[in-house]
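In: here is a sequence with its predicted model. Questions after.
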Amino acid sequence: RTGARSVRGADLVVREHRVSVPLDWRRESGGELISVFVREVRKASSGESLPYLLYLQGGPGFPSPRPSVPLGGWLKAAVEKYRVLLLDQRGTGRSTAQTTETMDEATIACFRTDSIVRDCEAIRAEVCGGAKLTLLGQSFGGFCVLAYLSTFPEAIERALLTCGLAPVGVPVDEVYEATFARMEARCRRFYARYPEDVELVRDIVRQLHDEPRPLPRGGRLTARRFLQLGLLLGSSTGMESLHNLLEVSRDRGLSRDFLHAVERAQEHFETNPIYYVLHEAIYCCANSTPGPSAWSAERVQARLGDAWNYVKRLEPGDDRPVLLTGEMVFSWMADDYAWLKDVKHLANALAAKTDWGPVYDLDALADTAVPCAALVSYDDIYVERLFSERTAAILAPTSAAGSPTSSSTPASGTSPPSSTASSRWPTATSNTDDETPLPSSSRGRRPLNARPRLRRRERRGPPLSSSHIPNDPRLSRDRSRLPRGLRVPDCARSADDLAFDLDRARLQGRPLLSVARAPERERSTDAANAL
């Protein structure tokens, strides 16, 4: 632990911590130790009386963001209420590194979600003196939060998840079937916005299919690797980012500038190799989705046939746009990415691994007394919304009045019982394609005895059990009703809304899951919305 360091010209204090933890938590005594790095950030004027918030970054395999001066985004809001702990998850950032040179088959499985959670407990004991934590999990960080709730719920004051309600209990192949369906829809939206890019993408793919190009870092740009640029389309500015990248080639072809731009957009696969080797493994859980991943995305893509075979779309007379892939990893990446060649054998071994340990405890999640709030993107291409809503139903299996939700669908038009104000929380019932969010207003904090207001496009609907949340393989944009214990408006909600729900749950002494839908991932602001 270093001494506290004041940041000149800012009301900010930063302290750095290193905590020694077992490499393999199954062998706590006598085994190899590694260090995990966590940076504590707080306002200088607040002193050390504020509670702790632990931030868990998305990934897997990525460190926490570095604070700027002055603070911005969600961190600016967080330090008003918390001492914020920015954790570099094991193997990333300034924690003991895992690179393509140091990874080995015997230990890489120790860098999964379950080990990250135990690292957090060590940090809580050593840095926080055993005090309870508020958790904020972004994307994969939300997966870690759910594992934490499964294992050490007594350690958590409250849990905030942004686009990170994991598909608990969903087989890995179903995860990627949903991902491909979302990507097909997202590609249609991209080409509708930039129709001039349909032929441009087709032309680039045709050239790369005929002759892959060498890249500055030493890999090669093949057609299949180029199509992985679809990963950009998941963020709020992703369509513009991809369009602007493609524009580099519009007049100059596959120039050095274009090749360099593609390499920069994809460099995280090589600089953060944990993502490549463990990405599919985050969906493998002994007590809910056992078995190997077996390169699931690759197998699912092959099953989908011509729609995802770019060669078919290059044939004469076929004017269908070429589809780009999204958040998926493939076995062939170890051939196309120079730095991944060293881990090809390791990645294949992990894809065949069958003895993954447990990550989530479904009973513990259903029984949790920890107040939770989640932001869900209703057309997320990274974490499928319908699966997130199922997980939300696990966390809130009873109605606000305390009785189990109905196991049968009530007659159309019936309203939920209204014995308490909270039992009348609105649920999303719209069947329209109009998913343009209403802007967040600047409402003040409502009194605790006030019933939440209904907005223009919110309607009450009958309560449904989790079994009634549809599992449509084509993932239509129709939104489902949720159990009555969930508050799910049609539009992005303000920080005041979520704070209101959490305070009410605390004062009434009962658990609550509050869920908000947003139109797309806002990577720079979604965590602030949840706070």
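Out: Okay, I see it.

In: was I right about Met342 contacting Thr100?
Out: Heads up, residue 342 is Asp, not Met. Yes. Look at Asp342 against Thr100 with C-beta atoms under 8 Å: they come within range, at 4.4 Å. No exception for glycine: its C-beta is placed from N, CA and C like everyone else's.

In: more neighbours, these two?
Out: Neighbour totals were compared for Asp342 and Thr100, and Thr100 leads with 20 against 15 (other C-beta atoms under 10 Å).

In: ok but that one is inside a helix, no?
Out: No. For Thr100, which was evaluated using DSSP: H, G, I helix; E, B strand; the rest coil, the result is coil, with no helix membership.

In: the chain should start at 3 in everything you say after this.
Out: Okay, using 3 as the starting number, the last item reads as Thr102.

In: dihedrals phi and psi, it?
Out: Taking degrees, to the nearest 10, you get phi -60, psi -20 for the backbone angles of Thr102.

In: tell me where the stretch 103-252 of the chain has helices.
Out: Counting by DSSP state H, counting those that start in this stretch, the stretch 103-252 of the chain forms helices over residues 115-128, 142-153, 174-195, 199-212, 225-228, 240-254, given from the N-terminal end onward.

In: redo the ones you listed as JSON lines? Include mean pLDDT, distance to Glu300 and mean neighbour count.
Out: What follows is the helices of the stretch 103-252 of the chain, written out as JSON lines (pLDDT from 0 to 100; distance: least, C-beta to C-beta, whole Å; neighbours: other C-beta atoms under 10 Å):
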{"stretch": "helix 115-128", "mean pLDDT": "97", "distance to Glu300": "23", "mean neighbour count": "21"}
{"stretch": "helix 142-153", "mean pLDDT": "96", "distance to Glu300": "21", "mean neighbour count": "27"}
{"stretch": "helix 174-195", "mean pLDDT": "96", "distance to Glu300": "9", "mean neighbour count": "19"}
{"stretch": "helix 199-212", "mean pLDDT": "97", "distance to Glu300": "18", "mean neighbour count": "17"}
{"stretch": "helix 225-228", "mean pLDDT": "98", "distance to Glu300": "10", "mean neighbour count": "21"}
{"stretch": "helix 240-254", "mean pLDDT": "94", "distance to Glu300": "23", "mean neighbour count": "16"}
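
In: next, the contact list for the most centrally placed residue in the chain, please.
Out: Taking C-alpha atoms, centre = their mean as the criterion, Ser141 is the residue nearest the geometric centre of the chain, at 1.7 Å. By C-beta atoms under 8 Å, 6 or more residues apart in numbering, Ser141 lies in contact with Gly60, Gly61, Thr164, Cys165, Gly166, Tyr384, Val385.

In: the residue nearest to it when sequence neighbours are not counted: what's it in contact with?
Out: Nearest non-adjacent residue to Ser141, counting by C-beta to C-beta, 6 or more residues apart in numbering: Gly60, 3.2 Å away. Shown in contact with Gly60 (C-beta under 8 Å, 6+ apart): Gln140, Ser141, Phe142, Gly143, Gly166.

In: select the helix or strand of this structure having the lowest average pLDDT value.
Out: Counting by mean pLDDT, DSSP states H and E, the weakest-scoring helix or strand in the chain turns out to be strand 488-489, with a mean of 42.

In: wait, His270 sits on Tyr278?
Out: No. With contacts defined as C-beta under 8 Å, His270 does not count as touching Tyr278, sitting 9.4 Å away.

In: neighbour count winner among those two?
Out: Tyr278 (25 against 15).

In: so which strand or helix has that one?
Out: Under the criterion DSSP states H and E, the helix or strand holding Tyr278 is helix 275-280.

In: give me the residues contacting that helix.
Out: Counting by C-beta under 8 Å, 6+ apart, helix 275-280 makes contact with 61-64, 93-94, 100-102, 105, 110, 113-114, 270-271, 331, 335, 341-342, 345, 348-349, 352, all of which sit outside it.

In: what do you get for stretch 339-355?
Out: For stretch 339-355, using C-beta under 8 Å, 6+ apart, the contacting residues are 102-103, 105-107, 110-111, 217, 219-221, 227, 268, 271-273, 275, 278-280, 282-283, 286, 294-297, 333, 335-337.

In: 6 Å - rerun?
Out: For stretch 339-355, the external contacting residues (C-beta atoms under 6 Å, 6 or more residues apart in numbering) are 102, 105, 107, 219-221, 271-272, 275, 278-279, 283, 294-297, 335-336.

In: can you check stretch 108-116 too?
Out: Stretch 108-116 is contacted by residues Leu25, Asp26, Arg92, Gly93, Phe145, Cys146, Ala149, Ile276, Val361 when judged by C-beta under 6 Å, 6+ apart.

In: could you redo the last one with a cut-off of 8 Å?
Out: Stretch 108-116 has contacts (C-beta under 8 Å, 6+ apart) with 25-27, 62, 92-93, 100, 145-146, 149, 153, 276, 279-280, 283-284, 348, 352, 355, 358-361.

In: quick check on the residues you listed: which are buried?
Out: Among these, those classed as buried by 16 or more other C-beta atoms under 10 Å are 25, 27, 62, 92-93, 100, 145-146, 149, 153, 276, 279-280, 283-284, 348, 352, 355, 358, 361.

In: all strands of the stretch 303-452 of the chain, in order?
Out: For the stretch 303-452 of the chain, the strands identified by DSSP state E, counting those that start in this stretch occupy 374-379, in order along the chain.

In: ok, Tyr193 touching Val324?
Out: No. Between Tyr193 and Val324 no contact is recorded; they are 9.5 Å apart, counting by C-beta under 8 Å.
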